[in-house]
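J.: Need a 3D model of the sequence below.
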Amino acid sequence: MTHPDPHSAREEHALDVSVVVATFNRAESVARLVGELARQTLAADRFEVLVVDDGSREPVATRLRALAVPYELRVLTQPNAGPAAARHRALAQARGELVVIVDDDMRVTPTFLADHVGAHPSGSRRAALGRIHIDTAEAQPLFERCHMHLFEKLERDVRAGTVTLRGTNLYTGNVSFHRRDYFAVGGFDTAFRLSEDAELGVRLELAGVQIVFADGAKTLSASDHRSVRGWMRRSAAYGAADSRVSQKHPEVLWANPWRFLFLMHPLSRPALLASALAPRAVRPLAWLAMGVSLALARLGAERVAIAGTTFVYGVQYFSGVGTHAGSARRALAALRRFASARRRATRDTPARTPTATSAARAC
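T.: As a prediction, the model looks like this:
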């Protein structure tokens, strides 16, 4: 479900920036984030912070309201409804024209908000992606290191001009955009529990919003994800969720999950296709490859271990695509439709820079 702007009649906002944080069962890290936002170089009277507690077992409202911060802090609570619903609730009450969304497990630099403001020159319509790094103060699991490797590669490729950022690259761990653009496209579709950010990004790009990097707007991800099994499940869930995004936007080829098959190394494509056609049958292969990758990482072969983890992500991702399709026949039919549309698009339009993958979201 998408939403109109509840304040559409209001022409001006009292603040420049609204920071939106959805939190769930992360009392320690969200309190740390709220404290770090108190040390921003951006003047405290120019921004507000809205935290939405999305049904945490340990409610955070009392703890956060007891913190002495120089900016206006509002803490909202609701039964668990997912991050899209939580963030939308905050956006509906936000008073800043520029919205900055940051995850509750992030750490921010003192110039974080000023750098996001600087990424939006007057008159521009942008969604600005901040840079995410992992917190190396603690040992991070292999899949988190994979995430960092892929994100850094995305940055390098975009800056080299070999990859173009698209709406599907939008992530809500560290992003800013104008509130008016958000409501102009209907806001988050709260029916999505995953890939809600990419789906919003598709609609923002189609509406003319440029997807860019916000240089300097850095965060450190201190994720509490440690379970390999949980990461494997999330990887498959992203394949299914991206399939739903494509169903909603069937005309948008760059939002179709089958595009990744054509971007992967030819040697890995048979395994990825097999995973989509027979998700359960290929599952042991994914676990075997993950076990080998973990062993290689322990031996110090980091590059090979990360390559293996990326392959595992692809296998799991396409198992989610296949599970969503419902059968091998339907998965093959979807692949044929995409391949046919891709050929027509290649024939009818000039060559353009390849689009970036979104694999970095889940590694």
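
J.: alpha carbons only for contacts and neighbour counts from here, please
T.: Fine.

J.: Touching stretch 21-40 from outside, list them.
T.: 44, 49-60, 63-64, 67, 69-71, 83, 86-87, 101-114 (CA atoms under 8 Å, 6 or more residues apart in numbering).

J.: Pull out the buried positions in stretch 265-285.
T.: 269, 271-279, 282-283, 285 (16 or more other CA atoms under 10 Å).

J.: Check stretch 251-268 too.
T.: 253-261.

J.: now it: how far from the chain's centre is it?
T.: Put simply, stretch 251-268 sits 18 Å off its chain's centre (CA atoms, centre = their mean, to the nearest Å).

J.: could you dump it to CSV, C-alpha only?
T.: What follows is stretch 251-268, C-alpha atoms only, in CSV (Å, rounded to 0.1, in the frame of the first residue of the first chain):
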residue,chain,number,x,y,z
GLU,A,251,7.9,-3.0,-17.8
VAL,A,252,11.1,-2.1,-15.9
LEU,A,253,13.8,-4.6,-17.1
TRP,A,254,16.4,-3.2,-14.7
ALA,A,255,14.2,-4.3,-11.8
ASN,A,256,13.8,-7.9,-13.0
PRO,A,257,15.8,-10.3,-10.9
TRP,A,258,16.7,-12.4,-14.0
ARG,A,259,19.0,-9.6,-15.0
PHE,A,260,21.6,-10.9,-12.6
LEU,A,261,21.9,-14.1,-14.5
PHE,A,262,23.4,-12.2,-17.4
LEU,A,263,25.7,-10.2,-15.2
MET,A,264,27.3,-13.2,-13.5
HIS,A,265,30.4,-15.1,-14.7
PRO,A,266,29.3,-17.6,-17.4
LEU,A,267,30.8,-20.5,-15.4
SER,A,268,28.4,-19.8,-12.5
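
J.: Looking at that stretch now, give me its mean pLDDT.
T.: Throughout stretch 251-268, pLDDT has a mean value of 94.

J.: Excluding its own residues, what touches it? List them.
T.: Taking CA under 8 Å, 6+ apart as the rule, stretch 251-268 contacts 166, 168, 202, 239, 242-243, 245-246, 249-250, 269, 272-273, 311, 321, 335, 338, 341-342, 355, 357.

J.: which secondary structure elements does the longest helix along the chain contact?
T.: Across the chain, the longest stretch assigned as helix under DSSP state H is helix 302-325. With contacts defined as 3 or more CA pairs under 8 Å, 6 or more residues apart in numbering; DSSP states H and E, the packing partners of helix 302-325 are helix 142-160, helix 228-248, helix 269-277, helix 279-298, helix 328-348.

J.: The buried residues of stretch 265-285: which two are farthest apart?
T.: Pairwise distances across those (CA to CA) peak at 15.6 Å, for the pair 269 and 283.

J.: Now name the helix or strand holding residue 39.
T.: Of the helices and strands defined by DSSP states H and E, none includes residue 39.

J.: returning to that earlier point: could you export the helices and strands packed on helix 302-325 as JSON lines, including distance to residue 21?
T.: Shown next, in JSON lines, are these (distance: least, CA to CA, whole Å):
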{"stretch": "helix 142-160", "distance to residue 21": "21"}
{"stretch": "helix 228-248", "distance to residue 21": "21"}
{"stretch": "helix 269-277", "distance to residue 21": "35"}
{"stretch": "helix 279-298", "distance to residue 21": "33"}
{"stretch": "helix 328-348", "distance to residue 21": "36"}
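
J.: Which of these sits closest to residue 211?
T.: helix 142-160 (11.2 Å).

J.: and that closest one, how far from the chain's centre?
T.: Relative to where its chain is centred, helix 142-160 has its mean C-alpha point 13 Å off (CA atoms, centre = their mean).

J.: Mean confidence (pLDDT) on that helix, please.
T.: Here helix 142-160 scores 90 as its mean pLDDT.

J.: what do you get for stretch 120-136?
T.: Mean predicted lDDT for stretch 120-136 stands at 91.

J.: List the buried residues of it.
T.: Neighbour-count burial for stretch 120-136 flags 120, 125-135 (criterion: 16+ other CA under 10 Å).

J.: burial of residue 346, as a residue count?
T.: 12 (other CA atoms under 10 Å).

J.: Okay, it and residue 180: tell me how far apart.
T.: Counting by CA to CA, to the nearest Å, the gap from residue 346 to residue 180 is 34 Å.

J.: Walk me through the domains of this structure.
T.: Using automatic domain parsing, the domain ranges for the chain come out as 17-221, 228-350.

J.: Ranking helices and strands of this structure by mean pLDDT, which lands last?
T.: helix 142-160 (a mean of 90; mean pLDDT, DSSP states H and E).
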